[in-house]
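Enquirer: My questions are about this predicted structure, shown below with the sequence.
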Amino acid sequence: MKRSFVLAFGLAITTSWLHAEVSSDYVVEAKSASETFTSKVLKVYSFSAENIDYVAYVVNWRGHEIVVTPGFMPAGKALGVGDPIRCTMHHFSRPSGLARVAFTMAPSVGEAPGLLPDPAHEQTRLDAIAAEVERRRAIRQEALNAVQSARPGRSAAEPKSAP
């Protein structure tokens, strides 16, 4: 019983301390949440004019037909009716009660350039890092050899004495 009281008292003090840390000039303007889902393309809207390409896809989200745009994602393969598409729903709400949603395409798993590298690119990156490490080791060894050969009576093969 005493232990429960101490725990409850400690929790109450911690809660009041956390509440006291919120500044009076801190005002929540909006809250957001997101949901990533996969659906099928129902319709495709697109046009090309001069240097402009536009595409939007109609998909089913919770029984509603909604329009999804690629946003600033790099151009990938064109999708057609029936193709699977990953999307993200962004929900924004404000203290006034006004809420909005927006839909964008989400990168396909394994196709997000720079985010999810394929094994070949990852191996190339790791090889470049290993080559750079080896290059720097060689430079350090050359500098160490130059310093040690400049000292009379000491060979480059002698180990350094501990401080």
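Expert: Happy to help now that I have it. Residues are numbered from 1 along each chain as shown.

Enquirer: Going by C-alpha atoms from here, please, whenever you check contacts or count neighbours.
Expert: Fine.

Enquirer: outside of the longest strand along the chain, which residues touch it?
Expert: The longest strand of the chain (DSSP state E) is strand 31-49. Here strand 31-49 makes contact (C-alpha atoms under 8 Å, 6 or more residues apart in numbering) with 53-61, 79-94, 106.

Enquirer: are any of those residues buried, and which?
Expert: Buried residues within those, counting neighbours by 16 or more other C-alpha atoms under 10 Å: 56-59, 61, 79, 85-89, 106.

Enquirer: Buried residues in the longest strand of the chain, which are they?
Expert: 38-42, 44.

Enquirer: from these, which two are the most distant?
Expert: Greatest spacing in the buried residues of strand 31-49, by C-alpha to C-alpha: Thr38 and Val44 (16.2 Å).

Enquirer: before we move on, the earlier item: would you mind giving the buried residues of strand 31-49 as CSV with pLDDT and distance to Ala131 added?
Expert: Conversion of the buried residues of strand 31-49 to CSV gives the following (pLDDT from 0 to 100; distance: C-alpha to C-alpha, whole Å):
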residue, pLDDT, distance to Ala131
Thr38, 88, 41
Ser39, 88, 44
Lys40, 91, 45
Val41, 91, 46
Leu42, 94, 49
Val44, 92, 47
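
Enquirer: which one of the residues you listed sits closest to Gln148?
Expert: Thr38 (64.3 Å).

Enquirer: Distance of the closest one relative to Gly80?
Expert: 15 Å (C-alpha to C-alpha, to the nearest Å).

Enquirer: Give me the average confidence score over the lengthiest helix in the chain.
Expert: When the chain is parsed with DSSP state H, its longest helix is helix 119-150. Mean pLDDT, helix 119-150: 89.

Enquirer: Pull out the buried residues from that helix.
Expert: Going by 16+ other C-alpha under 10 Å, helix 119-150 has these buried residues: Gln148.

Enquirer: packing partners for it?
Expert: Contact here means 3 or more C-alpha pairs under 8 Å, 6 or more residues apart in numbering; DSSP states H and E; on that basis helix 119-150 packs against no helix or strand.

Enquirer: All further residue positions should be reported with the first residue as 32.
Expert: With 32 as the first residue, the last one maps to helix 150-181.

Enquirer: on that earlier part again, would you convert the buried ones among the contacts of strand 62-80 into TSV that also reports distance to Gln179 and pLDDT?
Expert: Below are the buried ones among the contacts of strand 62-80 laid out as TSV (distance: C-alpha to C-alpha, whole Å; pLDDT from 0 to 100):
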residue	distance to Gln179	pLDDT
Ala87	68	88
Tyr88	69	91
Val89	72	93
Val90	71	92
Trp92	71	89
Leu110	65	83
Ile116	64	85
Arg117	61	86
Cys118	62	87
Thr119	61	87
Met120	64	87
Ala137	58	81
